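1. predicted model and sequence follow; I will ask about them next.
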Amino acid sequence: MVVLSRSSISQFILPNPYMPTNDTPSFLNEIPEIDLSDPHAKTLIVKASQDFGFFKLINHGISLDLIVDLEAQAMNFFSLPQDHKNRAGPPDPFGYGSKHIGPHGDLGWIEYLLLSLNPEVVSPKTLTIFQENPENFRSVVEEYISATKNLSCEVLELMAEGLGIEEKNTFSKLLRDERSDCVFRLNYYPPCEDIDEKLLGFGEHTDPQMISVLRSNNTSGLQICLKDGSWVSVPPDNTSFFVNVGDTLQVMTNGRFKSVRHRVVPDTSKSRLSMIYFAGTAFNEKIKPLPCLMTNQEQSLYKELTWFEFKKAAFKHRLSHNRISLFLKSPPSNIS
Ligand SMILES: C=C1C[C@]23C[C@@]1(O)CC[C@H]2[C@@]12CC[C@H](O)[C@@](C)(C(=O)O1)[C@H]2[C@@H]3C(=O)O
Ligand SMILES: O=C(O)CCC(=O)C(=O)O
Ligand SMILES: [Fe+2]
């Protein structure tokens with residue numbers, strides 16, 4: 001199963017200015033927990049999106065059987081012989097990948113499957129995954145994607161309501177658009193015995209889309225960056241979902257919501273498996289602050305770009321790049 005060799009570890013030694021050298025980030029006990037059956041959920045979601053750009057969802061309504069089924073199918077895929085998995089790679093950017101994240105030299109202690117859910121983006125690598133693996137892998141993935149899409153719409157509607165936007169489908173209709181550019185990702189992080197502070201499973205970044213809905217097994221590793229720049233570990237919970245606010249919503253809310261910087265550190269003894277639904281808009285959607293959210297004197301912090309323009313520019317950069325700076329009307333000069 002473990003294809004990543006420690007002998008090539010020098011490749012994974014990434015400069016990591018945020019990790020304190022002799023101090024492990026503490027677990028964040030106060031992670032906002034949103035109970036979707038709570039009538040106050042919309043207010044709590046807005047607060048969490050402003051304060052952290054991150055929250056946990058409980059009572060989400062997605063069947064645990066479906067989640068467990070997909071986890072088993074995914075583990076089955078990552079357990080296959082390396083040459084079988086390689087037939088669905090290298091990623092174009094979709095398909096099977098290992099170690100290399102994106103095309104700009106970012107490395108991680110990871111294997112993954114990246115699927116495009118945009119009908120206008122056809123990836124032959126993705127077709128290989130489903131042609132060469134049991135038929136029920138495809139059906140379970142499709143069922144899970146449909147469930148997480150509905151959950152994402154519910155969250156986006158609560159966000160709109162909580163922000164006092166009259167049309168509660170303002171964000172969710174962008175995801176319901178049949179041309180919405182969404183992505184689904186399965187990440188497998190093998191255990192890493194010889195861990196050091198510079199070794200990352202997935203380097204720090206923000207997600208470019210509107211929101212990302214993440215579920216993982218019970219292995220820790222996910223960390224988020226707080227407003228003061230400190231990193232905290234997110235206690236794992238395999239029955240809940242976690243939501244990241246992405247760059248697109250930060251722009252649409254004119255900075256009220258924060259797109260959260262996050263990263264994954266490998267575990268010394270356990271593998272981590274995560275499944276993430278990235279909810280994006282259609283390519284031609286104009287990403288700009290919503291006029292209905294702007295108070296009288298409020299200036300737009302961001303220039304207008306279509307999702308296509310933003311994605312194209314964003315994907316020219318490394319993982320850790322401050323992508324939101326691509327939107328800023330006057331970008332700071334010292335951003336990497
Ligand atoms: C280095 C990169 C990987 C990424 C494309 C990029 O050039 C910059 C954004 C990265 C990211 C982060 C969130 C998601 O995992 C992802 C699929 C996405 O939409 O943006 C990845 C991209 C990727 O792995 O191709
Ligand atoms: O695997 C995880 O828990 C998070 C990975 C991530 O941030 C991503 O795939 O964008
Ligand atoms: Fe991410």
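-> Looks like it arrived, so ask away. Just so we're clear, the structure is a prediction, and the values are computed from it rather than from any experiment. Ligands and ions are numbered 1, 2, ... in the order given.
2. list the buried residues for stretch 321-333?
-> The neighbour-count check on stretch 321-333 (16 or more other CB atoms under 10 Å) flags 321, 322, 323, 324, 326, 327 as buried. Using the backbone N, CA and C atoms, a C-beta is placed for each residue, glycine as well.
3. repeat that for stretch 161-170.
-> Neighbour counts over stretch 161-170 (16+ other CB under 10 Å) mark 161, 162, 163, 165, 168, 170 as buried.
4. how about the second one, what does it touch?
-> Counting by CB atoms under 8 Å, 6 or more residues apart in numbering, residue 162 touches 42, 43, 45, 46.
5. of those, select the buried ones using a PyMOL command.
-> Provided next is the PyMOL selection string for whichever of these are buried by 16+ other CB under 10 Å:
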select buried, resi 42+45+46
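6. can you list the contacts of residue 162 in TSV and add distance to ligand 2?
-> Formatted as TSV, the contacts of residue 162 follow (distance: CB to the nearest ligand atom, whole Å):
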residue	distance to ligand 2
42	25
43	27
45	20
46	23
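7. out of the contacts of residue 162, who's nearest residue 302?
-> Distance to residue 302 across these (CB to CB) is lowest for residue 46, with 19.4 Å.
8. helix or strand for the closest one, which one?
-> Per DSSP states H and E: residue 46 is located in helix 41-51.
9. one more: residue 39?
-> Secondary structure assignment for residue 39, by DSSP H and E: no helix or strand.
10. number of residues surrounding it?
-> For residue 39, the neighbour count with other CB atoms under 10 Å is 7.
11. separation between it and residue 276?
-> Per CB to CB, to the nearest Å, residue 39 is found 28 Å from residue 276.
12. can you give me the helices for the chain?
-> According to DSSP state H, the chain carries its helices in the segments 41-51, 64-78, 82-86, 124-131, 135-162, 172-176, 247-252, 307-314.
13. out of these, flag the one nearest residue 108.
-> helix 64-78 (14.4 Å).
14. please name every helix or strand in contact with the closest one.
-> Under the contact definition 3 or more CB pairs under 8 Å, 6 or more residues apart in numbering; DSSP states H and E, helix 64-78 sits against strand 106-116, helix 135-162, strand 183-189, strand 272-279.
15. ok, and what's touching the last one?
-> Spelled out, that is strand 272-279. Residues outside strand 272-279 that contact it (CB under 8 Å, 6+ apart): 67, 70-71, 74-75, 78, 144-145, 148-149, 152, 156, 175, 180, 182-189, 201, 207, 209-217, 219-222, 246, 264, 266.
16. just those that are near ligand 2?
-> For ligand 2, the contacts drawn from the contacts of strand 272-279 by CB under 6 Å from any ligand atom are 185, 187, 207, 214, 216, 222, 264.
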